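S.K.: pasting the sequence and the predicted coordinates here, then a few questions.
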Amino acid sequence: MSTDARLRERLCDLAASMFARGLTAGSSGNISVRTPDGGLLVSPTGSSFGRLDPGRLAHFDASGRQVGGDAPTKEMPLHAAFYQTRARTAAVVHLHSCHAVALSALPEADAEDFLPPITPYALMQLGRVRLLPYFRPGDPAMGEAVRGLAGRRSAVMLANHGPVVAGLDLEGACNAIEELEATARLALLLRGTRPNMLDTAQVAELLRLHEIAWQD
């Protein structure tokens, strides 16, 4: 099996796993991965994570010209913004995961630090997650909002919509967005209580590890 075929199969397998576990539903969500030659493979518009066809993934060459597959997701500007502002980005995943969306709808949601520091794992994999305002699905302004962060965040939460995560590789992006959803679920479970959170020094150390991983 060629490198291209393996990458296509892996993208579809990971998407199907997330769909099977209820992390996104119907035709919601989209995913992309950088190819070895600098191009992109992207889930098609209107497609389900549970039924992606490796042969129908939208294929772009290194210049951004589509050279194969179906029409890509309408959220391409969102994906492009991460690839263009975080040079080491190798994959981008966007889900409509329930707990993250629910947390984003609460009036007390923190725009600068969307996820509370409950466990070390989200900080290690995601860094600080920025909560962005609501945008209509497919609105190019989402990409502009990500560009406005100037590469300072590897993950954002679109209010009332869903999380978007850039990763150093395909598996890393998927693992990180799953951690985002798990942390959002913990935050909702702990709502109304007074939990012990990680302290300032612990958070700073974990954020430093996240940044080091992106710099290596």
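M.R.: Thanks, I have the structure now. Model, not experiment: these values are computed from the prediction.
S.K.: going forward, measure contacts between C-alpha atoms and count neighbours the same way
M.R.: Noted.
S.K.: what's the helix or strand hosting residue 207 packed up against?
M.R.: Using DSSP states H and E, the element containing residue 207 is helix 200-215. Applying 3 or more C-alpha pairs under 8 Å, 6 or more residues apart in numbering; DSSP states H and E, we find helix 200-215 packed against helix 120-126.
S.K.: spatially nearest residue to the residue nearest the centre of the chain (excluding sequence neighbours)?
M.R.: For the chain, the residue nearest the mean C-alpha position is residue 165 (2.2 Å; C-alpha atoms, centre = their mean). Nearest non-adjacent residue to residue 165, counting by C-alpha to C-alpha, 6 or more residues apart in numbering: residue 155, 4.3 Å away.
S.K.: swap in residue 118?
M.R.: Nearest one to residue 118, counting by C-alpha to C-alpha, 6+ apart, is residue 197 at 5.1 Å.
S.K.: isn't the one you found up against residue 117?
M.R.: Yes - at 5.7 Å, residue 197 and residue 117 qualify as touching, with contact defined as C-alpha atoms under 8 Å.
S.K.: please list all residues in contact with the residue nearest to residue 86 when sequence neighbours are not counted.
M.R.: Excluding the flanking residues, the one nearest residue 86 by C-alpha to C-alpha, 6+ apart is residue 151, at 5.1 Å. The neighbourhood of residue 151, defined by C-alpha atoms under 8 Å, 6 or more residues apart in numbering, consists of 82, 85, 86.
S.K.: residue 151: what secondary structure?
M.R.: Here residue 151 is recorded as coil under DSSP: H, G, I helix; E, B strand; the rest coil.
S.K.: start the count at 313, not 1, going forward
M.R.: Got it, first residue is 313 now, which makes that one residue 463.
S.K.: tell me, what's the model's pLDDT at it?
M.R.: Looking at residue 463, its pLDDT reads 96.
S.K.: now it: how far from residue 478?
M.R.: Using C-alpha to C-alpha, to the nearest Å, residue 463 is found at 10 Å from residue 478.
S.K.: find residues that contact each of those two.
M.R.: residue 394.
S.K.: buried set for the top helix by length along the chain?
M.R.: Using DSSP state H, we find that the single longest helix of the chain is helix 482-501. By 16 or more other C-alpha atoms under 10 Å, the buried positions in helix 482-501 come out as 482, 484-499.
S.K.: alright, calling it a day.
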